[in-house]
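In: This is the structure alone, sequence omitted:
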C-alpha cells in the first residue's frame, strides 16, 4: 500500500474530508511552532544574554 492510500484510508476512517484533514494538519503544525517559540522566549540561552557595560556610572 502506498502512502497516498494509507492517508486516504485513515482520513475516511476518521470521517474527514480532504479539507478537514488539511485543516487539522495545519493547526497541529501551528501549535507545534507556537510551543517552540514560547519555549524559546521563556528560556533564553546564556548565549543570547547581552552583558551590560558600566562606564562612568552610566549603563550602556
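Out: Now that the structure is in, tell me what you want to look at. In this text the structure is predicted, and so the values were computed from the model without any measurement. Numbers count the residues shown, from 1 in each chain.

In: what's the offset of the helix of greatest length in the chain from the middle of its chain?
Out: Once the chain is assigned using DSSP state H, the helix that runs over the most residues is helix 18-42. Counting by Cα atoms, centre = their mean, to the nearest Å, helix 18-42 is centred 5 Å from the centre of its parent chain.

In: buried sites along it?
Out: residue 21 (16 or more other Cβ atoms under 10 Å). C-beta: built from backbone N, CA, C; applies to glycine.

In: Which other helices and strands does it contact?
Out: When contacts are defined as 3 or more Cβ pairs under 8 Å, 6 or more residues apart in numbering; DSSP states H and E, helix 18-42 sits against helix 3-13.

In: ok so, going back, looking at the longest helix of the chain now, give me its mean pLDDT.
Out: Per-residue pLDDT over helix 18-42 has a mean of 89.

In: Which helix or strand lies directly C-terminal to it?
Out: strand 54-55 (DSSP states H and E).

In: what pLDDT, on average, does that next one get?
Out: Rounded mean pLDDT across strand 54-55 is 70.
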